[in-house]
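> coordinates only, no sequence provided:
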């Protein structure tokens, strides 16, 4: 190597970039076409942030040596940094053409493609970079981001995990990993990584906010509020944190404080449709309410926003007009809200309805007799089942007001325990192969999962309405558990589903015909359970009867559960406990009758529902 070039390079290594630039320039004064000097001069300028002379030197280098991969790569890096992604992409493409084993260029090419939204093309470039150098932490991390953008969350999680194995102290990678784990419903793992992110980088405000959201979903309410408070301490006008904290307080029954926070969030960002939906669940609107005018004024401004946001605003307006005594305006907004919601997913109606028929075929009287008596003998569970919006939350609130009952809310633990014990997902067919020991293990696993948060509870409720599909298996796995089936007028039930912006998956509920056909299939399955379950296992209670005779029906419920009467069950609305469902506000009030016969105000619009239900209402 040229001695002058060696001296300049030594200066660069010592951190003397100005001296290095002078040395490289001296070499070029004597040999203007020296490729190494041109490249090193360009690199030194770029290290000092002097991009214009740096690019000039690098471009001279590649003009004389078109396959100089490192020079093309550095040109691409500068162009990326200066906001020229398309030109950067071309430079990285030339870099990998110049050297097919130059790993950094493949990683940078992946970054450039991802920056242009071409994530499907970016992933193979990251793979090529990592095949050459699997210790490239940022390539693993950025590959995870590209996979996440493509909706390939399991693969994204594996990529983030590999990055953290190489370098565990990267706060942003922990944050991104937490986001993917949250979507995969691995809440405990997501919380762990959000917590690690904020420990490493306390100023990472989005991690505080999303940690609060994950803790809320995990029913760790006090910790959730604390995390939202930390977010707000850093950004007092963080709209999502205000809304998140308001939502948690609403679940806990602090209705006025919750509403105040949601209104504060709306004042800060009047274009956030989600907070109007939250607000609509927390209040009853009156004619002329200024919030109605604000929501109507927002409609033209969000026409280009995602369907989920537009749907939320229309659901909120439907509630507002229904409260204000304008059913025709309410139904117009309901129609739009549900159409927007329905277009966001595929719903295989035929498969859903067939699954109910398959359940009835599997759970024959013979199977119920053959497998009886082998489950876990615990009497602790009280299952509350039925259609969504049929009154299950009210019934749980009444029972959970008893001092010996823990209200566990809507739980997915039964289905989780079925998979954990059987290793299979083909319900109902797997039931025929469950051994006596597996039935006992299933019941025990379910109880262990639910009572982890309340280990000393004498009894507990599980009010996931969709568990109606598992009533037979409930009895086989937990023969001493009690089941309560809540029924409500079918038209009121279906209309209430149609009027609700469910936060959980209720894919059948956004089209009147689909709701009606789902209801008929559910009703037929419940008739089957009445035939095959022992007479003392399942109590059926009618919502309208509870409204008409609260104490009489409450005493009937408590007796079915094998408990002594307690007056607290009559004053259910005063019970302080988390309620996460769409009925959270209603069960904080004394019993009321206004929901009975609600459908009559919408009679003219409900013909598709009547047809699907196969009824002709009077």
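Structure's in. What do you need? Fair warning: this is a prediction, and the values are worked out from it, not measured in the lab.
> how many other residues sit next to residue 292?
The number of residues packed near residue 292 is 21, by other CB atoms under 10 Å. Glycine gets a C-beta too; all of them are placed from N, C-alpha and C.
> what segments of the stretch 451-600 of the chain are helices?
In the stretch 451-600 of the chain, the helices defined using DSSP state H, counting those that start in this stretch lie at 471-477, 490-498, 512-532, 543-548, 550-560.
> looking at these, which is closest to residue 285?
helix 490-498 (17.5 Å; CB to CB).
> counting neighbours, what do you get for residue 263?
By other CB under 10 Å, neighbour count at residue 263 equals 18.
> which helices and strands does the helix or strand hosting it pack with?
For residue 263, the host element (DSSP states H and E) is helix 255-268. Contacts defined by 3 or more CB pairs under 8 Å, 6 or more residues apart in numbering; DSSP states H and E place helix 255-268 against helix 239-251, helix 273-282.
> chain center to that helix: distance?
Relative to its parent chain, helix 255-268 has a centroid offset of 22 Å by CA atoms, centre = their mean, to the nearest Å.
> and the closest residue to residue 425 other than its chain neighbours, how many neighbours?
Closest residue to residue 425 apart from its sequence neighbours, by CB to CB, 6 or more residues apart in numbering: residue 419 at 6.1 Å. Residue 419 has 12 neighbours, counted by other CB under 10 Å.
> okay, residue 419: pLDDT?
pLDDT recorded at residue 419 is 90.
> just checking, what packs against the strand or helix carrying it?
For residue 419, the element it lies in under DSSP H and E is helix 413-422. Here helix 413-422 touches helix 436-450, helix 471-477, going by 3+ CB pairs under 8 Å, 6+ apart.
> any weak-confidence spans in this structure?
By pLDDT under 70, the weakly predicted segments of the chain are 1, 504, 572-594.
> which residue is nearest the centroid of it?
residue 183 (5.4 Å; CA atoms, centre = their mean).
> which residues touch that one?
Applying CB atoms under 8 Å, 6 or more residues apart in numbering, we find residue 183 in contact with residue 153.
> how near is it to residue 154?
For residue 183, the distance to residue 154 equals 10 Å [CB to CB, to the nearest Å].
> please apply the same query to residue 267.
40 Å.
> how close does residue 328 get to residue 604?
Taken as CB to CB, the span from residue 328 to residue 604 is 9 Å.
> just checking, residue 312 touches residue 279?
No. Using CB atoms under 8 Å, residue 312 is not in contact with residue 279, being 10.8 Å away.
> out of the helices and strands packed on helix 255-268, nearest to residue 48?
The nearest among the helices and strands packed on helix 255-268, by CB to CB, is helix 239-251 at 40.0 Å.
> got the contact list for that closest one?
Counting by CB under 8 Å, 6+ apart, residues outside helix 239-251 touching it are 208-209, 212-213, 216, 221, 224-225, 228-229, 231-232, 235, 255, 257-262, 264-265, 268-269, 272, 274-275, 278, 281-282, 578-580, 584-585.
> same deal with stretch 218-229?
187-188, 191, 208-209, 211-213, 215-216, 241-242, 244-245, 248-249, 251-252, 409, 453, 578, 580.
> let's see that with 10 Å instead.
Contact with stretch 218-229 is made by 187-188, 190-191, 194-195, 198, 207-217, 238, 240-249, 251-252, 261, 408-409, 453, 578, 580, as judged by CB atoms under 10 Å, 6 or more residues apart in numbering.
> of the residues you listed, buried ones?
187, 190-191, 194-195, 198, 207-216, 238, 240-249, 251-252, 261, 408-409, 578, 580 (16 or more other CB atoms under 10 Å).
> list the buried residues in the host helix or strand of residue 55.
Under the criterion of DSSP H and E, residue 55 resides in helix 51-64. Judged by neighbour count (16+ other CB under 10 Å), helix 51-64 contains these buried residues: 51, 54, 55, 57, 58, 59, 60, 61, 62.
> which one of those is nearest residue 528?
residue 51 (73.4 Å).
> shouldn't residue 345 be within a strand?
No. Using DSSP: H, G, I helix; E, B strand; the rest coil, the assignment for residue 345 is coil, not a strand.
> skipping adjacent residues, who's closest to residue 374 in space?
residue 436 (3.6 Å).
> ok, now which ones touch residue 390?
Residue 390 touches 384, 465, 468, 485-490, 492-494, 496-497, 519, 522, 541-543, counting by CB under 10 Å, 6+ apart.
> same thing with residue 351?
Contacts of residue 351 by CB under 10 Å, 6+ apart are residue 358.
> just want the angle from the helix or strand harbouring it to helix 512-532.
Remark: residue 351 resides in helix 349-362, with elements defined by DSSP H and E. Angle, helix 349-362 to helix 512-532, by axes from the mean of the first three to the mean of the last three CA atoms, to 10 degrees: 0 degrees.
> what's the first helix or strand after helix 349-362?
helix 365-370.
> centre of the chain to that next one, how far?
Per CA atoms, centre = their mean, the centroid offset for helix 365-370 relative to its chain is 39 Å.
> same question, stretch 27-45
The mean C-alpha position of stretch 27-45 is separated from the chain mean by 54 Å, CA atoms, centre = their mean.
> list the buried residues of it.
27-28, 34-45.
> swap in stretch 258-275?
Quick answer for stretch 258-275 (16+ other CB under 10 Å): 258, 259, 261, 262, 263, 264, 265, 266, 272, 273, 274, 275.
> for these, which one is nearest residue 131?
Closest to residue 131, out of all of those and judged by CB to CB, is residue 274, at 42.8 Å.
> is it fair to say residue 71 lies in a helix?
Yes. With three-state DSSP as the criterion, residue 71 is assigned to a helix.
> burial of it, as a residue count?
29.
> OK, contacts around residue 202?
Neighbours of residue 202 in contact, by CB under 10 Å, 6+ apart: 171, 208, 230, 234.
> what distance do you get for the first one to residue 203?
Residue 171 sits 9 Å away from residue 203, going by CB to CB.
> neighbour count: these two, which is higher?
residue 171 (18 against 9).
> from the buried residues of stretch 27-45, which is closest to residue 556?
Nearest to residue 556 among those, with distances taken as CB to CB, is residue 43, at 82.6 Å.
> nearest residue to the closest one in space, please, no chain neighbours.
residue 74 (6.1 Å).
> now do residue 276
Closest to residue 276 by CB to CB, 6+ apart is residue 316, at 4.2 Å.
> is the residue nearest to residue 425 in contact with residue 449, as I believe?
No. Using CB atoms under 10 Å, residue 419 is not in contact with residue 449, being 11.9 Å away.
> about what we covered before: quick one: contacts for the residue nearest to residue 374?
371, 373, 374, 375, 476.
> out of those, who's the most crowded?
Going by other CB under 10 Å, residue 375 tops the contacts of residue 436 with 26 neighbours.
> which helix or strand contains that residue?
Per DSSP H and E, there is no helix or strand for residue 375.
> what do you get for residue 410?
Judged by DSSP H and E, residue 410 forms part of no helix or strand.
> roughly how far does it sit from residue 466?
9 Å.
> which stretches of the chain form strands?
With DSSP state E applied, the chain shows strands at 381-386, 405-407, 459-462, 482-487, 538-542, listed in chain order.
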